[in-house]
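Visitor: Got a sequence here, can you build the structure:
(one chain, ligands or ions: 2)
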Amino acid sequence: MKIKAKTDVKRRKSEMSKMLLEDLQGVGPATAEKLREAGYNTVEAIAVASPGELVGAAEVGETTAAKIIASAREAADIGGFETGDLVLERRKLVGKITTGSKSFDDLLGGGGMETQCIVELYGEFGCGKTQVAHQMAVNVQLPVEEGGLSGSAIIIDTENTFRPERIGQMVRGLPLREEGEWTSEEFLKNIHVARAYNSNHQILLADSALDLAERLRETDMPVRLLVVDSVTAHFRAEYVGRGTLADRQQKLNKHLHDLMRFGDLNNALILVTNQVMSKPDTFFGDPTKPVGGHVLGHTATFRLYLRKSKGEKRIARLIDSPCLPDGEAVFSVTMEGLRD
Ligand code: GTP
Ligand code: MG
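Guide: Ligands and ions are numbered 1, 2, ... in the order given. Coordinates of the predicted model:
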């Protein structure tokens, strides 16, 4: 029974990935072209769009847009229910990626950060969010015995802070293996980085990430980590003023659901970073709260508040976890990477 359930899921996923936009009801070649130009490359992207968005993107009427979306939802099986045994089957595949610090790993229930969930790192500038992201892009590639998942990483970099040299330092800091030292080239070629120039571009890149993950799925380094550093910076910069808040939250919400779905489909960890609001006069709400407010709060599975301590020491605090006690861990950001 279970085996059958598993193959059902597999089959549905592979059928879906092969589906063309033209296969959807109401989509002719011209409409398909316009949709692709607007960044709707997959059936899934359409399934989670609103009719209003498609009207704008493909110059179709509301009724046609609704029909297209309904057809995409059916094909992508989005918004439907699934039985508990399928959920359990998927949960069994959850893997963990070590942070490199035992105390940090223990804060997360031991072993590190889980796949199929979103981990949000938030805190002020320089608290180490980007450092943690770099370390996870290295550690995900390690074999399971060493705390990794033998997987690739995708990084959507919105602030131009990805540094291959830093990856090199972290790789040189890894414990030796039998074959001798790891080389940074080995690691860098399994980290796929794209710079996002604005929030729309960021949303599109999440979509391209799905395609890339699909291509790597059957290789020996499937994607097990998707980093978005920072997930909120563009949204924050572009949507200023009270009137745009609802619009921003809606976009951000959809983006986060796209990311969550990526995590489920690929059995990947989604790691996002978020700054705390530092200037209350230029933003709304409590200045000590992370950007993004409630939307991000409800989607993130683990929220970690990072802050600086003495020297290399950093403190990670787990906030509002559904299944773990709140608590703190002290770790260090050293030349070799994250350590206790
Ligand atoms: P924003 O993106 O500005 O919000 O900050 P962030 O939270 O991403 O900070 P980031 O991860 O970039 O942390 C920067 C800090 O990491 C530096 O101030 C250093 O303290 C530390 N760091 C970066 N590189 C090294 C390194 O090679 N060695 C050591 N020991 N520390 C480093
Ligand atoms: Mg950063």
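Visitor: Kindly report the domain assignment for this protein.
Guide: Domain assignment of the chain by automatic domain parsing yields the ranges 2-89, 96-339.
Visitor: Does the residue nearest the centre of the chain belong to a helix, a strand or coil?
Guide: Centre of the chain computed as the mean C-alpha position; nearest residue by C-alpha atoms, centre = their mean is Ile270, 3.2 Å away. Per DSSP: H, G, I helix; E, B strand; the rest coil, the secondary structure class of Ile270 is strand.
Visitor: Report how many residues lie close to Asn139.
Guide: Counted with other C-beta atoms under 10 Å, the neighbours of Asn139 add up to 26. Where C-beta positions appear, they are placed from N, C-alpha and C, glycine not excepted.
Visitor: from memory it sits against Lys96, does it?
Guide: No - checked against C-beta atoms under 8 Å, the pair Asn139 and Lys96 is beyond contact range at 10.1 Å.
Visitor: so what's in contact with those two at the same time?
Guide: Taking C-beta atoms under 8 Å, 6 or more residues apart in numbering as the criterion, Asn139 and Lys96 both touch 112, 147.
Visitor: pretty sure Ser103 is in a helix, no?
Guide: Yes - the assignment for Ser103, made by three-state DSSP, places it in a helix.
Visitor: what's the nearest residue to it if we skip its chain neighbours?
Guide: Ala329 (4.2 Å; C-beta to C-beta, 6 or more residues apart in numbering).
Visitor: so how far is ligand 2 from the one you found?
Guide: 20 Å (C-beta to the ion, to the nearest Å).
Visitor: ok now do that residue, which residues does it touch?
Guide: With C-beta under 8 Å, 6+ apart, Ala329 has these contacts: 101, 103-104, 106-107, 315-316.
Visitor: And those, which is closest to ligand 1?
Guide: Ala316 (11.7 Å; C-beta to the nearest ligand atom).
Visitor: I'd like the next helix or strand past the helix or strand the closest one falls within.
Guide: Here Ala316 sits within strand 313-319, counting by DSSP states H and E. Where DSSP H and E defines the elements, the next helix or strand beyond strand 313-319 is strand 327-334.
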